[in-house]
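# okay, here's the prediction I keep looking at, along with the sequence it came from:
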Amino acid sequence: VVIRAPYIEKRRGEERPSTVPIGIILAQSVITTICRVDDAAIQARLNNCGQAACTLRVEQQLCSIIKEISMLFMRYLKEISAEIQELEHDLADTRSNEDLKLLLNLQKTVTYFHSALKTNDFIIDRIMRKGLPVGTTTKLAFSEDEVDGLDYALTETRQGIYMSKIFTEVLRSIADVYSSIISNSVNEIMKVLTSLTVIIMIPTFITSFYGMNIELPFQHDATAIS
């Protein structure tokens, strides 16, 4: 089984949430997990599942892993929600390149989360409906409690899909408002510059007029000649 999990990606000295696949290899009495990143949050969740692994059936271990990953997604989505509210507050007061960069990173993160959650939703739903074969002759048999655990994970996953979809719309609206604010600011600046240009044109016009080689008013006046 391959499911996706959220983690903190570190690139060029910056951190932002992203997703990574986790491979779950099933055997008759043991589960092995494989992940290409060493993330503390994922490791903590898998450790929670592994503390009692020796006393749990494979089905229980699998359900526990899927449930923990679903809850981890919800934790990150709540943090994203708080960041969106903070971004809206910052954009109301000031507009900087850092805010624009944060907006772009949040849009990328929510898009990755939505795609990963849709994949997990498909996998969990398929396991619940059709079961899961182990090898060529054995098929996992989930108890009622384990099915309830998978159903809980599926509910959390679909809630995460709904939240990520809402966040996508909210971030798109923020980006549109941000563009409108910048456009209005540019318009205000252009009005001021246009007004200054008109004011500067008046003395320029007078100077140009008196520089012409034609008869001008007061040109023979003693003050003008001197």
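Now that the structure is in, tell me what you want to look at. Numbers count the residues shown, from 1 in each chain.
# most centrally placed residue in this protein?
Leu106 (2.4 Å; CA atoms, centre = their mean).
# look up the closest residue to that residue, ignoring the ones flanking it.
Once flanking residues are discounted, Leu106 sits nearest to Leu171: 5.7 Å by CB to CB, 6 or more residues apart in numbering. The C-beta positions use only the backbone N, C-alpha and C, and glycine is treated the same way.
# now swap in Ile84 and tell me
Using CB to CB, 6+ apart, the closest residue to Ile84 is Val170 (6.1 Å).
# where are the low-confidence patches of this structure?
50-56, 92, 94-96, 135-137, 209-214, 216-219, 224-226 (pLDDT under 70).
# mind listing the helices for it?
All helices of the chain, identified by DSSP state H, fall at 40-50, 58-93, 97-130, 144-210, 222-225.
# tell me which of those lies nearest to Pro6.
helix 58-93 (4.6 Å; CB to CB).
# let me know the angle separating the closest one from helix 144-210.
Angle, helix 58-93 to helix 144-210, by axes from the mean of the first three to the mean of the last three CA atoms, to 10 degrees: 20 degrees.
# from the chain's centre, how far out does helix 58-93 sit?
11 Å (CA atoms, centre = their mean, to the nearest Å).
# equivalent analysis for stretch 156-170, please.
Put simply, stretch 156-170 sits 11 Å off its chain's centre (CA atoms, centre = their mean).
# thought the residue nearest to the centre of the chain was touching Leu87?
Yes - at 7.1 Å, Leu106 and Leu87 qualify as touching, with contact defined as CB atoms under 8 Å.
# got the angle between the longest strand anywhere in the chain and helix 40-50?
As assigned by DSSP state E, the longest strand anywhere in the chain is strand 14-26. Computed by the same axes, to 10 degrees, the angle separating strand 14-26 from helix 40-50 equals 30 degrees.
# give the other helices and strands that strand 14-26 contacts.
If you count contacts as 3 or more CB pairs under 8 Å, 6 or more residues apart in numbering; DSSP states H and E, strand 14-26 packs onto strand 2-11, strand 31-35, helix 58-93, helix 97-130.
# go again with 10 Å.
On a contact count with 3 or more CB pairs under 10 Å, 6 or more residues apart in numbering; DSSP states H and E, strand 14-26 meets strand 2-11, strand 31-35, helix 40-50, helix 58-93, helix 97-130, strand 132-134.
# adding distance to Met163, write the ones you listed out as CSV.
Formatted as CSV, the helices and strands packed on strand 14-26 follow (distance: least, CB to CB, whole Å):
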stretch, distance to Met163
strand 2-11, 13
strand 31-35, 24
helix 40-50, 18
helix 58-93, 5
helix 97-130, 9
strand 132-134, 27
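# what's the closest of those to Ile182?
helix 97-130 (9.3 Å).
# buried residues in that closest one?
The neighbour-count check on helix 97-130 (16 or more other CB atoms under 10 Å) flags 99, 102-103, 105-107, 109-110, 112-114, 116-117, 119-121, 123-124, 127-128 as buried.
# what do you get for stretch 153-171?
Buried residues in stretch 153-171 (16+ other CB under 10 Å): 153-154, 156-158, 160-161, 163-164, 167-168, 170-171.
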